[in-house]
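Colleague: Structure for the following, please:
(2 chains)
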Amino acid sequence: MADINLLPVEEKAQERVQALQKKLSFLSIAALISTAIFTMITLVFFTGLVSTRNELIAAAGDVSGRIERQKKIEELLVVTKSKAAAASNILDARVDHADTFQKLSELIPQNVYFSDMKFSAGKLVVSGKAKTSADMAGLVSSFLSEKGSELISSVTVDSLGSDETGEYQFSLTMGLVK
Amino acid sequence: MSIPTLTTLKADSNAEISKLAAYAPSVGAFVVSFAVVFFIVWPKFSEVLRLRAANSELSASVELLAKKADILEVYAEDKDQLEVQLGAADQMLPSDKGVFTLIAQIEGAARSSGALLNKLDIAPGSVNANQSKSAGGAQAVVTPTSVPPVTGDPPTIPGAETGVGQAAPKVQTKLSVTSDYKSFLQFIKNLLSLSRVVEVKDLSVAAAEGSGQVRASLTVEAYWQALPRELSAIESPVETLTGEEEEKLSRVTDTGLITTPTLPTVPLGRSDLFAPY
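Modeller: Numbers count the residues shown, from 1 in each chain, chains lettered A, B, ... in the order given. Predicted coordinates:
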């Protein structure tokens, strides 16, 4: 009677094992199929990219050949561009002294003259004489006017004095607009 | 009644082996899958990623090269114009210091304006091409009539200063001129109108009492740029001339100053090196 009672337990164990076997088989087949699919996809991508790379290398070779044939033109262009760019930068930044003198001649009162001018490092130092104090004032206000500010950024009176004739000798330092 | 133990054990072990054998295909499949993924798929996948990045770079590089080739082919269609522009650019920034050409241009500017060139000091150093420093070397003083400078500052030949055109080296020349005011202005305009790019620095002007004349001392910085020894790599891009640059080059072209000013030839040879002429 004890033997008969054991049979259902053994059967149940057998059933569990068979179920496990089925699951494992299912999973192993799924793993194999996934691996195969992933391998195919990877190989397809790889082949495509290799083909693209070969095309790009061929295209690079063609374009390099075109550039090699225009080597002389490239030399001319590189030298011309280099010199033209450097020259253009210098010309744009240099001070046009002729223009500065023209503007000063428009700003200076008629009874004022300069005896000495010195341009240095963006500054202008002038010495000169004015007939009267009004002319002197006119000179300074002219430099400080709207027209004057196109040329001059600041005015410093270094010295100012009159002599027995009533003329005023002056020395000014002015900052020039860049 | 007892069953013999050995037979029971044999039967049990056979059953166990049968059980394990039933799992073998599944386990083998897992092992094969893992091996394929680890030894084949994963390295190939890494290579795919690497190839993708490399192709992307290569594609960008090809595009840049194609643009460069297009630009060069456009300029090749009008090669004559490019050569004229090169001539103009070489006038603006000569390929060597061009010391004596510069002196000839300054003398020409003074002569045509009516200004008297009292003194000209220049110390260019080596006059070979591809020398970028302007300082050093013996002084070459050209003094038709020696006149002291207008200001109290002692004449100096400064070293290589960094100016506006830091990329272009320069030759510095100190001048002293005497003229009336109008001629002086014309001289300055002539200097700034030279085909060669020059800058006027440290200008000092003083009136000579009672004579109506002015005396001026100034430094003229004349720029130059040596030719490159070799071209950059093929991958380096080319820049085209901007409208502003072409306009400046055309100004030189229009004045007909493409040809380099020539210096007159002089007779050579004398028996006594020290006898004055």
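Colleague: show me what contacts residue B:223?
Modeller: Residue B:223 makes contact with A:86, A:87, A:90, B:93, B:165, B:168, B:169, B:170, B:196, B:197, B:198, B:199 under the criterion CB atoms under 8 Å, 6 or more residues apart in numbering or on different chains. C-beta here means a position set from N, CA and C on the backbone, and glycine is covered the same way.
Colleague: Please convert those residues to JSON lines, extending it with secondary structure and distance to residue B:181.
Modeller: Putting these into JSON lines (DSSP: H, G, I helix; E, B strand; the rest coil; distance: CB to CB, whole Å) gives the following:
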{"residue": "A:86", "secondary structure": "helix", "distance to residue B:181": "34"}
{"residue": "A:87", "secondary structure": "helix", "distance to residue B:181": "30"}
{"residue": "A:90", "secondary structure": "helix", "distance to residue B:181": "27"}
{"residue": "B:93", "secondary structure": "coil", "distance to residue B:181": "32"}
{"residue": "B:165", "secondary structure": "coil", "distance to residue B:181": "30"}
{"residue": "B:168", "secondary structure": "coil", "distance to residue B:181": "32"}
{"residue": "B:169", "secondary structure": "coil", "distance to residue B:181": "34"}
{"residue": "B:170", "secondary structure": "strand", "distance to residue B:181": "28"}
{"residue": "B:196", "secondary structure": "coil", "distance to residue B:181": "26"}
{"residue": "B:197", "secondary structure": "coil", "distance to residue B:181": "26"}
{"residue": "B:198", "secondary structure": "strand", "distance to residue B:181": "21"}
{"residue": "B:199", "secondary structure": "strand", "distance to residue B:181": "22"}
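Colleague: most surrounded residue in these?
Modeller: Highest neighbour count within the contacts of residue B:223, by other CB atoms under 10 Å in any protein chain shown: residue B:197, with 28 neighbours.
Colleague: I figured that one was touching residue B:94, is that so?
Modeller: No. The criterion here is CB atoms under 8 Å, and residue B:197 misses it with residue B:94 at 9.5 Å.
Colleague: got the phi/psi numbers for residue B:268?
Modeller: Note on residue B:268: backbone dihedrals following degrees, to the nearest 10 are phi -110, psi 160.
Colleague: do residue B:276 as well
Modeller: In terms of degrees, to the nearest 10, the main-chain angles of residue B:276 are phi -70, psi 160.
Colleague: Measure how buried it is and give me the count.
Modeller: Residue B:276: 4 neighbours (other CB under 10 Å).
Colleague: Then residue A:141?
Modeller: Neighbours of residue A:141 (other CB under 10 Å): 13.
Colleague: What distance do you get for it to residue A:106?
Modeller: 14 Å (CB to CB, to the nearest Å).
Colleague: What strand or helix carries the closest residue in space to residue A:151 that isn't next to it in sequence?
Modeller: Closest residue to residue A:151 apart from its sequence neighbours, by CB to CB, 6 or more residues apart in numbering or on different chains: residue A:103 at 4.7 Å. Residue A:103 belongs to helix A:97-107 when elements are defined using DSSP states H and E.
Colleague: If you count neighbours, what's buried in that helix?
Modeller: A:97, A:98, A:100, A:101, A:103, A:104, A:107 (16 or more other CB atoms under 10 Å in any protein chain shown).
Colleague: Likewise for stretch B:63-79?
Modeller: B:65, B:66, B:68, B:69, B:71, B:72, B:75, B:76.
Colleague: Likewise for stretch B:81-94?
Modeller: Buried positions in stretch B:81-94, judged by neighbour count with 16+ other CB under 10 Å: B:82, B:84, B:85, B:86, B:87, B:88, B:89, B:90, B:91, B:92, B:93, B:94.
Colleague: Tell me which entries of those lie within helices.
Modeller: Among these, DSSP state H puts B:82, B:84, B:85, B:86, B:87, B:88, B:89, B:90, B:91, B:92 in helices.
Colleague: Cross-check the contact I'm expecting between the fourth one and residue A:78.
Modeller: No. Residue B:86 lies out of contact with residue A:78 (CB under 8 Å); the separation is 10.2 Å.
Colleague: Tell me if I'm right that residue B:72 and residue B:238 touch.
Modeller: Yes. With contact defined as CB under 8 Å, residue B:72 counts as touching residue B:238 (6.7 Å).
Colleague: list the residues that contact both of these two?
Modeller: A:74, A:77.
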